[in-house]
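>>> curious how this folds, go ahead:
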Amino acid sequence: MAVHPTGRYGLLRIAAPTAAGVSIRFAKLADRDVFDPTTWVPYPLVASTGNPGWWEFDLDAQGLGDGAYEYEFLLGGNAVADPYADEITRFGGYRGVFHIAGGIRVQRPSTWDPAIEAGGSLPQNNCIVVYEMPLKWMSSAVDNPLVDLGTFDETVFEHLDGLKAIGVNCIELLPIEDSPQTLDWGYGTRFFFAPDIDIGTPVDARFFIKSCHERNIRVILDVVMAFFAPACPLGTLAPGWFSTPYVPGGRNPWGQTLFLYDTPAYGDYYAAREFLCEMAEFWVNEYHIDGFRIDDFPDIDNWEFVQEFHDRATAASNAAFPAKPFFVVAEDSGRQFTITEPGALNGRKLVDAIWNFGFQGEIRLLATGTLTTILGQPGRSSRVQQFISKDGPWNEYNQAFDPGYADLACAVNYATSHDVANAPRMMNVILGPMLQQLGLGDGGVDNVKSVVDAPALGMPTNDSAQQAVSDALDRVFGVFAIIMTSVGVPMFLAGEEFGDVHDTDYNAVDPKQQDPVQWQRANYVGNAALQARVAQLIQLRTNHPSLQRNEIQFFYFHPTFDADGGTWIFAYCRTGGNAVGSAGQVIVVVNACSQTFASFVLPAWPWGPSALSEVAPLAGPAPAYDPTTGGFSLGLDAFQVRVFRS
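Sure thing, here's the model as predicted:
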């Protein structure tokens, strides 16, 4: 088991409260040529003193020879893997692995750079741009990319330098703890202390994180704590301690085994809570993880545990790496920003931030010209101001605005995420309807894919279709521009930076998880241009002081902005705490409607004749200030966003 409950790495401890006895058997991995677990000698565990229901075995007292061993427990003659195994092997079943050197159990050595791991060079929470990475999607295979799995080493050698080059400084990994789901994302954990055997070893995982840190990129680990996979040994060893049986149609809709948080195993010992807090401390200490994303917060349904998880994980990081920033984010579909507030529970917050579901919904409506309001509800201008600032976006379910949040680092803003059934890739969202309106197809997955890929495949192309692709890529840039300049932590899904599209049905459970990034599309002319422009936005966000503060001011809305069919143009400034019109500010002008303006005039331009620089400009007439009228004129294509710095 991991080092935490026993305080000594060589002392295995396992919970089996109903067992009359427990044994362990093991063999050297080097002896695989004579593999037969039934011939391995079973050694009895002893009941743990002072820990009812636990059994122990001291590896360090066995005088074992040096080497790597695979092991498993025996309960009533049945083999059960160690749920605390920090390395696993797969050969006629899944077993834990331990290493002996000098007669005692040791970790496989990993070398970290102390100066880098001190954390001073890693970006603070208000400076990060999060790249959501399903690591299994990171394969660059072109022969069969829909099934070839990405791995830790492949990602290091083929992608990290590219991500560093575009300015990404934080990676959020979809679950990398071992899961029985080979092709899927991994939201069903089997072994919580071990990297997934399909994507690499513990050494590979450490090398990945070390390589990220060397590039000043933080790594946040997505963890599943509402439930565990039926294959997890916890359910066999101590089901009444760690879990409650799955009931079809019950609280958990995912078909997994729910963790049990409300009932102590004995005394005041809550087994599931302790197990997962130990897991967090382990990944912080052994893998130098820089934060966690808590999956499915509502189904955990226990604020005390989440707060304890946050506090212990953060304390472990602060103790081991005092200068390193740390970040715990909850996926809260209930949109409760209150859990980020200091007084949320027991005078403390539960988490540092939550995913901003409301932002995702509003920006997609804005980008497609479908942000409509009805009589008696707040107008379009109010909706826009709320979701781009920190005042809380509109909640369609509650018919009210969500509560706001105190600081930009309390919200993770995004338009796309791995959960593509609810948030498809932006190119599909934007280009699909355009093709449909032009009579060039049904706008579905296959239609979009064929139009985007046609030039690269040497297929016949349609000028109108290719113009639509170009326009859609520009609109995707506009979505990025708003995300990067809104008050929050920006996040985007791997592949969005160059406008990747879906290759499988994103509404189907398995296909949506088995649709890896198609990296060859990054080389298409239009897609490469988008990535270069997005890189400029990312670098603006990670370097400009005004975007790392909370202040924002909307200084223009077209008079008909709140009217259906009106001119939906608005502008805002990230002020940096200074008066609008000062130097050192970021200015964003948004055309959120289908009208195109060769020259649109913003009256009473606050920056007067001051020279401005545009971020990622396109070809065309330069914006101009008219000293006679005080207006600022610029071209605005349909759904175009332009970003300037003063």
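
>>> gap between Ala624 and Gly631?
9 Å (C-beta to C-beta, to the nearest Å). (C-beta placed from N, C-alpha, C; glycine too.)

>>> of these two, which one has the most company?
Taking other C-beta atoms under 10 Å, Ala624 and Gly631 do not tie; Gly631 has more neighbours (15 against 12).

>>> Pro606 is in contact with that one, correct?
No. Counting by C-beta atoms under 8 Å, Gly631 sits too far from Pro606 to count as a contact (11.6 Å).

>>> ok, now which ones touch Ser389?
404, 486-487, 552 (C-beta atoms under 8 Å, 6 or more residues apart in numbering).

>>> now the buried members of those.
Among those, the ones that count as buried by 16 or more other C-beta atoms under 10 Å are 486-487, 552.

>>> I'd like these as a markdown table, with secondary structure and distance to Gly10 appended.
Below are the buried ones among the contacts of Ser389 laid out as a markdown table (DSSP: H, G, I helix; E, B strand; the rest coil; distance: C-beta to C-beta, whole Å):
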| residue | secondary structure | distance to Gly10 |
| --- | --- | --- |
| Ser486 | coil | 51 |
| Val487 | coil | 50 |
| Ile552 | coil | 55 |
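
>>> Ile171 and Pro393, how far apart?
26 Å.

>>> whoops, I mixed them up, Ala15
According to C-beta to C-beta, Ala15 and Pro393 sit 44 Å apart.

>>> try Ala81
Distance, Ala81 to Pro393, using C-beta to C-beta: 44 Å.

>>> what sits against the residue lying closest to Asp471 once chain neighbours are set aside?
In this structure, Asp471 finds its nearest non-sequential neighbour in Met434, 6.9 Å apart by C-beta to C-beta, 6 or more residues apart in numbering. By C-beta under 8 Å, 6+ apart, the residues touching Met434 are 443, 468, 471-472.

>>> now Met434, what's its secondary structure?
Recorded secondary structure, Met434: helix (DSSP: H, G, I helix; E, B strand; the rest coil).

>>> let me know the pLDDT of it.
Model confidence at Met434, expressed as pLDDT, equals 97.

>>> tell me how far it lies from Phe555.
To Phe555, Met434 is 31 Å away according to C-beta to C-beta.

>>> what do you get for Phe227?
48 Å.

>>> between the two, who's got more neighbours?
Ranked by neighbour count (other C-beta under 10 Å), Phe227 and Phe555 place Phe227 first, with 24 against 16.

>>> any idea how far apart the tips of stretch 59-76 sit?
22 Å (C-alpha to C-alpha, to the nearest Å).

>>> helices or strands up against whichever strand or helix holds Val223?
For Val223, the host element (DSSP states H and E) is strand 218-224. Where contact means 3 or more C-beta pairs under 8 Å, 6 or more residues apart in numbering; DSSP states H and E, strand 218-224 is packed against strand 170-173, helix 202-214, helix 271-287, strand 291-295, strand 327-330.

>>> so what strands line up beside that strand?
Partners of strand 218-224 in the sheet, by DSSP bridges, are strand 170-173 (parallel), strand 291-295 (parallel).

>>> could you list the low-pLDDT ranges of the protein?
1-7, 142-147, 245-255 (pLDDT under 70).

>>> helices or strands up against the top helix by length along it?
Determined from DSSP state H, the single longest helix within the chain is helix 463-485. Other helices and strands packing on helix 463-485, by 3+ C-beta pairs under 8 Å, 6+ apart, are helix 357-367, helix 426-437, helix 445-457, strand 489-493, helix 525-543, strand 586-591, strand 641-645.

>>> can you dump the C-alpha coordinates of the second one into CSV?
These are the backbone C-alpha positions of helix 426-437, laid out as CSV (Å, rounded to 0.1, in the frame of the first residue of the first chain):
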residue,chain,number,x,y,z
MET,A,426,-16.6,25.0,-32.1
MET,A,427,-15.9,24.3,-35.7
ASN,A,428,-18.8,21.9,-35.8
VAL,A,429,-21.0,24.3,-33.9
ILE,A,430,-20.2,27.2,-36.3
LEU,A,431,-19.4,25.5,-39.7
GLY,A,432,-22.2,22.9,-39.6
PRO,A,433,-25.1,25.5,-39.7
MET,A,434,-23.2,27.6,-42.3
LEU,A,435,-22.9,24.6,-44.7
GLN,A,436,-26.6,23.8,-44.1
GLN,A,437,-27.7,27.4,-44.9
